[in-house]
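J.: kindly generate the corresponding structure for this input.
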Amino acid sequence: MTRIGIDLGGTTVKAGLFTEEGQLLSKTEFPTARENGRTGLLSDIASHVWTMVLEQGVPLSDCAAGIGVPGPVEEGGYTEAIPNLGIRDCYMGRELSALLDIPVRILNDANAAAFGEYWTGAGRGSRSMICVTLGTGVGAGIVLNGEIVGGAHGLGGELGHVFVNPDETERCGCGATGCLDQVASANGVARYAKKLYDLPYPTAKDVCDAAKAGDALAEKTLRYCMSFLGKALCMVGYTVDPELVVIGGGLSKAGPYLLDIIYDSYKDLPKLTTKRMQFKLATLGNDAGITGAARYAVK
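T.: Now for the predicted structure:
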């Protein structure tokens, strides 16, 4: 069966056509038609998917699809809210399935990225892993024995909203204070560079570049911010004990330098065993979401 993977973002939608083994045959990207409401948006996605499949000469009836969305997805495919798209209270997978007349399964976009890395990326060959995406926020997905940990309410793997910092005073987008998202994301790193040392670096990339170039305060900022990620990963280790941690997202472009800082923030925390989770950089980049959604398409 040919697999279709769809990654629904706030600005663009990505879609890819994959073989059963995970080879990418074709992909497309188009603006998110959010102004058309949920029905119009799904119709637009269906149209682009149909065109992509037709151009490859693959019968749509031989396909199954998965779609990753930026919000919690409960068991059974129910989505309570996708705030940045203004979508609430629906079964988007079922609706898209009716439009395409093929099976469609739905999952959270961070879980889709994790599943993609597990299938054909940095996690290939592992039994269990967590993929952490360090971008505008902190996203994460957990795979155990080949299955995504979604949870009863779609909150499995929401590492970005674990409470880690009692000294934080500003509110997170979720309404709480002290979330990992506020300190270990790209936005968090840039904010803390200003907050801690008044460094003139407006983006996390600037902070990373300066740290690599020898700016001691920039490196101190990174180590401070990643120390909270290290603690959160230790919690994950004690909770589900994955063998592998995969680090992706825009911040991961700092490469092995940042990976070493993250590992340093984690390695001395676990005390019950001498064994440690392995750390790797993600390899699929922007294709992780469509790859994981395609993998999820067929149970």
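J.: from here on, contacts and neighbour counts on C-alpha atoms
T.: Noted.
J.: all helices for the stretch 51-200 of the chain, in order.
T.: 92-100, 109-120, 181-184, 186-197 (DSSP state H, counting those that start in this stretch).
J.: tell me which other helices or strands the shortest one touches.
T.: The helices and strands touching helix 181-184, judged by 3 or more Cα pairs under 8 Å, 6 or more residues apart in numbering; DSSP states H and E, are helix 186-197, helix 216-239.
J.: please report how far the most centrally placed residue in the chain lies from residue 199.
T.: The centre of the chain sits closest to residue 110, judged by Cα atoms, centre = their mean, with a distance of 2.7 Å. Using Cα to Cα, to the nearest Å, residue 110 is found at 31 Å from residue 199.
J.: from what I can see residue 265 touches residue 230, true?
T.: Yes: using Cα atoms under 8 Å as the test, residue 265 is close enough to residue 230 to be in contact (4.7 Å).
J.: can you spell out the domain ranges of this structure, please?
T.: 2-113+287-296, 125-282 (automatic domain parsing).
J.: average pLDDT across the shortest one?
T.: Summarised as a single mean, pLDDT over domain 2-113+287-296 is 95.
J.: list the contacts of residue 197.
T.: When contacts are counted by Cα atoms under 8 Å, 6 or more residues apart in numbering, residue 197 touches residue 217.
J.: again, only using 10 Å
T.: 217-218, 220-221 (Cα atoms under 10 Å, 6 or more residues apart in numbering).
J.: can you tell me which of the residues you listed has the most neighbours?
T.: Among the contacts of residue 197, the one with the most neighbours (other Cα atoms under 10 Å) is residue 218, at 27 neighbours.
J.: does that residue touch residue 212 like I think?
T.: Yes: when contacts are counted by Cα atoms under 10 Å, residue 218 is listed as touching residue 212 (8.6 Å).
J.: give me the common contacts of these two.
T.: residue 206.
J.: before we move on, the earlier item: is the residue nearest to the centre of the chain in contact with residue 132, as I believe?
T.: Yes: between residue 110 and residue 132 a contact is recorded at 8.2 Å, counting by Cα under 10 Å.
J.: list residues touching both of the two?
T.: The contact lists of residue 110 and residue 132 share 138-142, 157-158, where a contact means Cα under 10 Å, 6+ apart.
J.: any chance of these in a markdown table, plus pLDDT and neighbour count?
T.: A markdown table is the format used below for the shared contacts of residue 110 and residue 132 (pLDDT from 0 to 100; neighbours: other Cα atoms under 10 Å):
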| residue | pLDDT | neighbour count |
| --- | --- | --- |
| 138 | 95 | 26 |
| 139 | 93 | 26 |
| 140 | 96 | 25 |
| 141 | 96 | 26 |
| 142 | 97 | 28 |
| 157 | 92 | 25 |
| 158 | 92 | 20 |
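J.: ok, which pair from those is furthest apart?
T.: 138 and 142 (13.5 Å; Cα to Cα).
J.: touching both of those two, which residues are there?
T.: Contacts common to residue 138 and residue 142, judged by Cα under 10 Å, 6+ apart, are 110, 132, 158-159.
J.: now, which of the residues you listed lie within strands?
T.: residue 132 (DSSP state E).
J.: which of the shared contacts of residue 138 and residue 142 sits closest to residue 52?
T.: Distances from residue 52 to the shared contacts of residue 138 and residue 142, taken by Cα to Cα, are shortest for residue 110, at 24.0 Å.
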